[in-house]
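1. generate a structure from the sequence data that follows.
(2 chains)
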2 protein chains.
Amino acid sequence: MLADEILKLERAALDRWGKGDPDGYVEISAPEATYFDPFVEHRVDGLPAIQAWLEQARGKVKIDRDEIIEPLVQVIGDAAILSFRFVSYGSEGSMRWNCTEVYQRLETGWKIVHTHWSLPKRGA
Amino acid sequence: MLADEILKLERAALDRWGKGDPDGYVEISAPEATYFDPFVEHRVDGLPAIQAWLEQARGKVKIDRDEIIEPLVQVIGDAAILSFRFVSYGSEGSMRWNCTEVYQRLETGWKIVHTHWSLPKRGA
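-> Predicted structure coming up:
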């Protein structure tokens, strides 16, 4: 099932991320991918720029345990929109996130074309 | 051009939002839409729930001036991913946002199927 396939891609990339290895995400991102997270000043456009940004985390992030919460995949032809909440415990303390990943079916398989990670204001 | 059409839809909904009217967004959202913003505890799933959430802002938000910054539309068949930064000045003070809107071409026209608004941590 497509939802499971997409979720498995994300989970595998997250597993590597949690060990300080950003290459899992780099490998499943499309050349034209765009990227938001809470810490970057602008949207990051294109895989080389995303790769450079993620590279800063290499060897620094250490996630001890985490959970993808209520993942949902919405499919529109060759696009799949994965959204979920995420909690992690590790080098950055306890973190809660919202995440949107838009995947596109390319000749090389399903690749991320847009990422949006954010920090919700709990209790706000 | 599709990018212009999508951007015009978003701009019109934002204009109404900035006058305290959430119906602009309600009218261009699909029944199955999903929604993240920084203030809601869970992802909001489905138009009725989104409508109820946005309704709380009716008559309260007043945006005096704003700007959509560096909008980009990525098209995948019947899906269009609009991403941009947004700054606004008004009842909530000066606010900076990241935004992702996934639109889908439906029989009723282009409708939002997924929204992700977030507050970046500037200077973090």
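
2. partners of the residue in chain A that chain B sits nearest to in the sheet?
-> Closest residue of chain A to chain B, Cβ to the nearest Cβ: A:Ser118 (3.0 Å). Yep, even glycine has a C-beta here, placed from its N, CA and C like the rest. Following DSSP bridges, A:Ser118 is listed with bridge partners A:Asn98.

3. neighbours of it, how many?
-> Residues contacting A:Ser118 under the criterion other Cβ atoms under 10 Å in any protein chain shown number 24.

4. check whether the biggest helix by length in chain A contacts chain B.
-> When every helix of chain A is counted residue by residue (DSSP state H), the longest turns out to be helix A:2-17. No. Shown here: helix A:2-17 not in contact with chain B (Cβ under 8 Å from any Cβ of the partner chain), separated by at least 13.6 Å.

5. can you give the contact residues for that helix?
-> Residues outside helix A:2-17 that contact it (Cβ atoms under 8 Å, 6 or more residues apart in numbering or on different chains): A:22-25, A:27-28, A:57, A:61, A:63, A:66, A:68, A:71, A:73, A:75, A:80, A:82, A:86, A:101, A:103, A:110.

6. give the buried residues for that helix.
-> A:6-7, A:9-10, A:13-14, A:16-17 (16 or more other Cβ atoms under 10 Å in any protein chain shown).

7. how about CSV for these, with pLDDT added?
-> Output for the buried residues of helix A:2-17, formatted as CSV (pLDDT from 0 to 100):
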residue, pLDDT
A:Ile6, 98
A:Leu7, 98
A:Leu9, 98
A:Glu10, 98
A:Ala13, 98
A:Leu14, 98
A:Arg16, 98
A:Trp17, 97
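
8. can I get these in TSV with distance to A:Asp45?
-> Shown next, in TSV, are the buried residues of helix A:2-17 (distance: Cβ to Cβ, whole Å):
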residue	distance to A:Asp45
A:Ile6	23
A:Leu7	26
A:Leu9	22
A:Glu10	21
A:Ala13	20
A:Leu14	23
A:Arg16	23
A:Trp17	21
